[in-house]
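A.B. asks: Show me how the following folds:
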Amino acid sequence: MTLPIKASHFSLFLTFLSRNFSSSKARTLPIIKGNNYISSTQYKTRALKQAQNVLTEYLHATRGLPFIFAEQISANSLFAISELIRKIHFSAFTFSDAFKRFLRYHPINEFEFFLESIGIHRDDVHLFLPKKKFFFSEDSTVLDASLALIQFGFPWNKLGLLYREEVSIFSMSGNVLTDRLNGFKERFGFDNLCVVGVCLAFPYLLSVEGKSGGCIEAVFEDLETVFRGFEMGSCVEGNVDAWYELCCKVRVLYDLGFEKGKVGELLCDRKQIFLECPKEVLVRKVDYFAKFGVGKDDVLLFLLENREILNLDFETRVISVLGLLKHFGIGTKELQSVSEKYPHVLGRNKMENFPYVMKALDLHEWCFDKIRSSNGQILAMYSIDCPDEDMNKEFSDGLKKIESSKCPTHAMNKLDFLKQIGFGENALTLKVLNILAGSRSELQSRFDFLLSKGFEHANLCLMIRTKPKILNQGHEKLEPKLNFWCQEIGSSIQELERVPGFLCFDLENRTKRRYRFYVWLRKTGVYTKKCAISSMIYPGEKQFIKRLLEIHPAAPKWYLECF
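C.D. replies: Modelled structure (predicted):
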């Protein structure tokens, strides 16, 4: 049974423990046979408190850690301690004695407890555990660096922010770290807590790799401009979290592609937006519009000039593809052309998938230009005309069958994937859905892989509509086929978009054999005409042999002897 204490309630939980189980009033748990302390509600908090005290004593007295480390690790590694408690079995000992006995014969991985205590999520701890190291005595620089950081003012449970991004910080000596931190104070006139907030948001400034003076100067120059422009001296004074949050807003702009040293004024000119809009909302909106194929820095400038767009709901709104195209000003003839070439995109979809719908129609750049020229109003003013607009009955009936099936979740996840890449609610989408094999994440990974190889989004969707089995193959099968097409056949990805079936056939037992046999026939002069790759690999085996017979009476015999 897992200990029902969430990390978000950690500080409140410790406060409760300290008030109700102080050392002066500590009570020893009774002797209970088996392992029932963690499952008995009345003993849970007492067991955890006593385990923390025992662990502190073990780390300090037995393992020789300074008390400040032993105390912090014990107080902030709730889940690791709970796992230990579950392993303890006893019959003739009090809980404390049993826990001490367990630690005596089962030394713990001290790095595991340390990483959780500094703020690394329990599920991610294993990703950061040093290899072939179990005790701090094997790598004392970690504690040396940690001591320098907390003495300067870093909160213990936020050191994980540094460890996640720049683990090299914890291989630096305490003296080097202290000198660097004090250097920031002297050069830029910031106090300790201000420097702490900056370094938590920009860990690379502290790392060995972050010694570039120009980079550091630019970041602090932006921060100084923002600090003065936002007039937040009274708000952030003595508050590490407030400094950290402010610095994170600056980092958002860096992550979006803005040059260091040039974002301070931009932030100050639009400080109200940055103060009112949560960082997560801003990042989500930027990511949304960047899907139209626009640079994130351009998108951010557009959003800052049209702040009302930040309040638009894209998650729950539904669109009619044809209705939205009409709303954007596409005429009747163009709509007819779209319907004939891209029938798989038509129907309804979610507004959150709208950028990819436009990519599937190859209209994404045009669409964003319309949005930008209207200052976003063209999106804000759109709504479905009536409840039944663009509803597809065949799709609705198929959806009911999926929902009433034995395993609807898997099918619905695949459907969500198709809608996310631009397929609409129509009969064609259901046909593709029935052929696709794999989880949503697997299908998305294969789709992204093909995009990374140079396929255009709209053309790839057309290929999937024609040959859905393309996505039923993993990278390990697709990559050799693409290499053979580009390297041995010598054709481009754009040419492959017109022959989607090539990716569906067996490479070794079909494609290579037939293609190389045709090449041999041409080299020997038996066959002089040029032949399309599709005519080589698309026919079945009997039809292929028949075509060889038309080329030369002995060609089938030669082919069968070779393969």
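A.B. asks: how close does residue 509 get to residue 249?
C.D. replies: Per CB to CB, to the nearest Å, residue 509 is found 57 Å from residue 249. Every residue, glycine included, has its C-beta placed from N, CA and C.
A.B. asks: Which residue of the two possesses the greater neighbour count?
C.D. replies: It is residue 249, of residue 509 and residue 249, that has more neighbours when counted by other CB atoms under 10 Å, with 20 against 10.
A.B. asks: For the nearest residue to residue 458 once chain neighbours are set aside, grab the count of nearby residues.
C.D. replies: Excluding its sequence neighbours, the residue lying closest to residue 458 (CB to CB, 6 or more residues apart in numbering) is residue 362, at 3.9 Å. As a burial measure, residue 362 scores 17 neighbours (other CB under 10 Å).
A.B. asks: again with residue 441
C.D. replies: 10.
A.B. asks: cool, and residue 463?
C.D. replies: Count around residue 463 with other CB under 10 Å applied: 23.
A.B. asks: measure the most centrally placed residue in the chain to residue 97 for me?
C.D. replies: In the chain, the C-alpha nearest the mean C-alpha coordinate belongs to residue 441, at 11.8 Å (CA atoms, centre = their mean). Here residue 441 is placed at a distance of 48 Å from residue 97 (CB to CB).
A.B. asks: next one: residue 245
C.D. replies: 46 Å.
A.B. asks: Helix, strand or coil: sort out the residue nearest to the centre of the chain for me.
C.D. replies: Three-state call for residue 441 (DSSP: H, G, I helix; E, B strand; the rest coil): helix.
A.B. asks: do the one 3 residues further on as well
C.D. replies: Using three-state DSSP, the structure places residue 444 in helix.
A.B. asks: Show me how far the helix or strand residue 518 falls within is from its chain's centre.
C.D. replies: Using DSSP states H and E, the element containing residue 518 is helix 512-523. In terms of CA atoms, centre = their mean, to the nearest Å, the centre of helix 512-523 is set 45 Å apart from its chain centre.
A.B. asks: helices and strands around it, which ones?
C.D. replies: Packing partners of helix 512-523 (3 or more CB pairs under 8 Å, 6 or more residues apart in numbering; DSSP states H and E): helix 533-537, helix 555-562.
A.B. asks: For that helix, give me every contacting residue.
C.D. replies: Here helix 512-523 makes contact (CB atoms under 8 Å, 6 or more residues apart in numbering) with 484, 488-489, 527-528, 531, 533, 536-537, 544, 551-552, 555, 558-559, 562-563.
A.B. asks: Pull out the buried positions in it.
C.D. replies: Buried residues in helix 512-523, counted by 16 or more other CB atoms under 10 Å: 512-515, 517-518, 521.
A.B. asks: tell me the domain ranges of the protein?
C.D. replies: Annotated domains of the chain cover 1-139, 282-435, 505-563 [automatic domain parsing].
A.B. asks: so which of these gets nearest residue 170?
C.D. replies: With respect to residue 170, and counting by CB to CB, the nearest of the domains of the chain is domain 1-139 at 8.8 Å.
A.B. asks: Give me the below-cutoff pLDDT ranges for this protein.
C.D. replies: Flagging of the chain using pLDDT under 70 yields the residue ranges 1-43, 89-93, 208-214, 230-238.
A.B. asks: Which stretches in it count as strands?
C.D. replies: 318-320, 348-350 (DSSP state E).
A.B. asks: helices or strands next to the last one in the packing?
C.D. replies: What it means is strand 348-350. strand 318-320.
A.B. asks: and the strand it packs on, what other elements does it pack with?
C.D. replies: Using 3+ CB pairs under 8 Å, 6+ apart: strand 318-320 touches strand 348-350.
A.B. asks: any residues touching the strand it packs on, and which ones?
C.D. replies: Counting by CB under 8 Å, 6+ apart, residues outside strand 348-350 touching it are 315, 317-321, 357, 390-392, 419, 424-425.
A.B. asks: If we use 10 Å, what do you get?
C.D. replies: With CB atoms under 10 Å, 6 or more residues apart in numbering as the test, strand 348-350 has contacts from 314-324, 356-357, 360, 384, 389-392, 395-396, 416, 418-420, 422-426, 429.
A.B. asks: Narrow those residues to those that are buried.
C.D. replies: By neighbour count, with 16+ other CB under 10 Å, the contacts of strand 348-350 hold 314, 319-324, 356-357, 360, 384, 390, 392, 395, 418-420, 422-426, 429 as buried.
A.B. asks: Looking at those, which are in helices?
C.D. replies: Among the buried ones among the contacts of strand 348-350, the ones falling in helices (DSSP state H) are 321-324, 356-357, 360, 395, 418-420, 429.
A.B. asks: Out of those, which comes closest to residue 294?
C.D. replies: For these, the minimum distance to residue 294 (CB to CB) is 13.9 Å, reached by residue 356.
A.B. asks: Give me the distance between that closest one and residue 291.
C.D. replies: With CB to CB as the criterion, residue 356 and residue 291 are 6 Å apart.
A.B. asks: just the helices in the stretch 101-250 of the chain please.
C.D. replies: 110-117, 125-128, 141-152, 159-165, 174-188, 192-201, 213-230, 233-236, 240-255 (DSSP state H, counting those that start in this stretch).
A.B. asks: re earlier: so can I have TSV of the domains of the chain showing distance to residue 469?
C.D. replies: Converted to TSV, the domains of the chain look like this (distance: least, CB to CB, whole Å):
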stretch	distance to residue 469
domain 1-139	36
domain 282-435	6
domain 505-563	10
